[in-house]
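K.L.:
Structure of the sequence below:
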Amino acid sequence: MSNQRTIVITGASDGIGAVAARELAGPDVDLVIVGRSVEKTEAVAAETGATALTADFAKLDDVRRLAEEIRGRVGTIDVLLNNAGGTFDPKKRTADGHEPNFQINHLGGFLLTNLLHDKLAADGGALVVNTASIGNLAGKVDLDDLDFQRRRALEMRCYGTSKLENILFTRGIADRWKGDGIVSVAVHPGPVATSFGRDSFFVGLLYRTPLKKVATITPEKGAEPLIELANRGADPEINGVYFSRHKANGPQNPQAHRQELIDGLWQASERLVGIG
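P.N.:
This is a model prediction of the structure:
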């Protein structure tokens with residue numbers, strides 16, 4: 001039996017995803033990295049010996065294509081790091097007509113993970129890590145208005161809601177897939193100084209001021225909890241847990257534990273992406 005692990009990392013063309021790829025790469029790892037930029041993703045792949053794939057999570061058909069490409073390259077998946085995302089202008093809409101924070105930060109990862117379910121379950125144990133944020137505290141999930149069509153779409157409220165949805169999704173996996181040996185965690189990596197806010201006016205403004213140095217941490221520090229969790233693997237003791245960096249059960253929105261939202265978000269997401 002091979003001891004090689006298969007690890008898939010999205011959002012790996014730069015920032016904490018690229019750092020995690022560099023640290024997790026090795027002769028005993030079959031590494032698949034995903035990014036939006038072909039040039040940046042291939043550069044990280046050249047450093048790490050990974051397979052480079054590209055996808056734009058603002059297009060659900062891109063995510064479906066990505067899932068097929070991954071399925072064609074791996075037999076099993078031991079660790080899936082859902083790290084693609086950022087902060088986006090909610091006044092814009094994706095190609096699929098969704099509020100971009102909701103689609104790119106939640107729906108895309110939800111769809112990809114579901115399409116890879118059998119690969120995660122194939123070896124009897126796998127870990128899904130969803131990159132969340134302390135910004136979840138600013139979120140509010142309304143199952144009747146997931147796309148902020150009726151509510152005022154403030155940028156940080158939309159971003160925070162998508163990060164809250166990451167935690168709810170994590171607990172949905174823990175509820176539904178624990179019988180397959182699949183463990184799911186969410187993690188706030190810290191206020192990382194990366195390009196995740198490149199499409200955000202407010203975050204971009206912060207990162208262009210001296211406040212960046214005192215308000216953020218390096219990608220190397222930010223990647224530490226993701227790397228630690230990936231190396232820990234499918235430990236049932238952490239199933240459904242939200243980590244604030246290395247600390248389990250960090251500050252969470254009260255909605256993060258509401259079972260009707262865990263179930264309702266899963267069911268609504270299935271309808272929106274056409275699965276289930």
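K.L.:
Any idea how far stretch 51-64 is from the middle of the chain?
P.N.:
A distance of 13 Å separates the C-alpha centroid of stretch 51-64 from that of its chain, computed with CA atoms, centre = their mean, to the nearest Å.
K.L.:
Could I have the CA atoms of the longest helix that the chain contains written out in CSV?
P.N.:
Among all segments of the chain classified by DSSP state H, the helix with the greatest residue count is helix 155-177. The C-alpha atoms that make up helix 155-177 are tabulated as CSV, following Å, rounded to 0.1, in the frame of the first residue of the first chain:
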residue,chain,number,x,y,z
GLU,A,155,-18.9,44.9,0.9
MET,A,156,-17.7,43.8,4.3
ARG,A,157,-21.1,42.4,5.2
CYS,A,158,-21.2,40.3,2.0
TYR,A,159,-17.6,39.1,2.6
GLY,A,160,-18.3,38.3,6.3
THR,A,161,-21.5,36.4,5.3
SER,A,162,-19.5,34.3,2.8
LYS,A,163,-17.0,33.5,5.5
LEU,A,164,-19.8,32.5,7.9
GLU,A,165,-21.1,30.3,5.1
ASN,A,166,-17.7,28.6,5.0
ILE,A,167,-18.2,27.6,8.6
LEU,A,168,-21.7,26.4,8.0
PHE,A,169,-20.5,24.4,5.0
THR,A,170,-17.8,22.9,7.1
ARG,A,171,-20.4,21.7,9.7
GLY,A,172,-22.6,20.4,6.9
ILE,A,173,-19.8,18.2,5.7
ALA,A,174,-19.2,17.0,9.2
ASP,A,175,-22.8,16.1,9.6
ARG,A,176,-23.3,14.4,6.2
TRP,A,177,-19.9,12.8,5.4
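K.L.:
Any idea what residue 127 is bridged to?
P.N.:
Beta-bridge partners for residue 127, by DSSP bridges, are residue 79, residue 183.
K.L.:
show me the contacts for it.
P.N.:
Applying CB atoms under 8 Å, 6 or more residues apart in numbering, one finds that residue 127 lies in contact with 78-80, 182-185, 229-230, 232-235. (C-beta placed from N, C-alpha, C; glycine too.)
K.L.:
returning to that earlier point: from the contact counts, what lies against the longest helix of the chain?
P.N.:
Applying 3 or more CB pairs under 8 Å, 6 or more residues apart in numbering; DSSP states H and E, one finds that helix 155-177 makes contact with helix 100-102, helix 108-115, helix 117-121, strand 126-131, strand 182-188, helix 201-207, helix 259-273.
K.L.:
which helices and strands sit right next to the first one?
P.N.:
Read it as helix 100-102. Against helix 100-102 (3+ CB pairs under 8 Å, 6+ apart) you get helix 155-177.
K.L.:
Please identify the buried residues of the helix it packs on?
P.N.:
For helix 155-177, burial by neighbour count (16 or more other CB atoms under 10 Å) applies to 155-174, 177.
K.L.:
just stretch 84-102 next, same as before
P.N.:
Taking 16+ other CB under 10 Å as the neighbour-count basis, stretch 84-102 is seen to contain the buried residues 84-90, 94, 96, 98-102.
K.L.:
Next: stretch 217-229.
P.N.:
Of the residues in stretch 217-229, those scored as buried under the neighbour-count criterion (16+ other CB under 10 Å) are 217, 219, 221-227, 229.
K.L.:
Look up the closest residue to the residue nearest the centre of the chain, ignoring the ones flanking it.
P.N.:
Nearest to the mean C-alpha position of the chain, counting by CA atoms, centre = their mean, stands residue 82 at 3.0 Å. The spatial neighbour of residue 82 that comes closest, neighbours along the chain excluded (CB to CB, 6 or more residues apart in numbering), is residue 109 at 4.1 Å.
K.L.:
before we move on, what about residue 269?
P.N.:
Spatially, and ignoring its direct neighbours in sequence, residue 269 is nearest to residue 110 (4.8 Å; CB to CB, 6+ apart).
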